[in-house]
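Asker: Model the following, please.
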Amino acid sequence: MRGGLKDVRRVTYDRALAAPTTQRYDFLAGYADDLGAASTCPRSPPPAVRIGADPLGGASVAYWAYIGERYGWT
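Answerer: Residues are numbered from 1 along each chain as shown. Here you go, the predicted model:
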């Protein structure tokens with residue numbers, strides 16, 4: 001950082017994707033699967049319980065449908 005990142009080599013997006021060190025990772029499934037271990041929410045909340053969520057600016061808005069389906073909340 002002090003050197004202004006002058007030693008950091010840059011590559012194009014396509015080249016980075018093709019590199020043997022690049023791999024895809026499903027953050028959504030990993031996150032949603034771990035919620036069951038970190039949460040005390042029942043698999044199917046009682047009908048009177050409403051669960052609200054803020055996707056923090058929209059970056060994770062696609063997560064909520066997946067989580068609802070995963071835990072039977074939809």
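
Asker: how about the helices in the protein?
Answerer: 13-18, 27-38, 61-70 (DSSP state H).

Asker: what's the spacing between residue 21 and residue 59?
Answerer: Taking CB to CB, to the nearest Å as the measure, residue 21 and residue 59 are separated by 25 Å. Where you see a C-beta, it was placed from the backbone N, CA and C, and this is true even at glycine.

Asker: neighbour count winner among the two?
Answerer: residue 59 (8 against 5; other CB atoms under 10 Å).

Asker: wait, which of the helices of the chain is closest to residue 2?
Answerer: helix 13-18 (25.0 Å; CB to CB).

Asker: Could you give the average pLDDT over the closest one?
Answerer: What helix 13-18 shows for mean pLDDT is 95.

Asker: Can you give the distance from that helix to the centre of its chain?
Answerer: Between the centre of helix 13-18 and the centre of its chain there are 22 Å (CA atoms, centre = their mean, to the nearest Å).

Asker: what residues does that helix touch?
Answerer: residue 22 (CB atoms under 8 Å, 6 or more residues apart in numbering).

Asker: Where does pLDDT dip in this protein?
Answerer: Across the chain, the ranges flagged by pLDDT under 70 are 39-57, 74.

Asker: hmm, 90 instead?
Answerer: 1-7, 9, 24-74 (pLDDT under 90).

Asker: where does residue 62 sit relative to residue 9, distance-wise?
Answerer: 32 Å.

Asker: Of these two, which one has the most company?
Answerer: Here residue 62 and residue 9 are compared on neighbour count by other CB under 10 Å; more neighbours surround residue 62, at 11 against 5.

Asker: quick one: the more buried one from residue 71, how far?
Answerer: 16 Å.

Asker: And for residue 67, the neighbour number?
Answerer: 19.

Asker: got the contact list for it?
Answerer: Residue 67 neighbours (CB under 8 Å, 6+ apart): 32, 35, 73.

Asker: Please apply the same query to residue 19.
Answerer: So residue 19 contacts residue 11 (CB under 8 Å, 6+ apart).

Asker: Residues touching stretch 32-41, excluding its own?
Answerer: Residues contacting stretch 32-41 (CB under 8 Å, 6+ apart): 51, 63, 66, 67, 70, 71.
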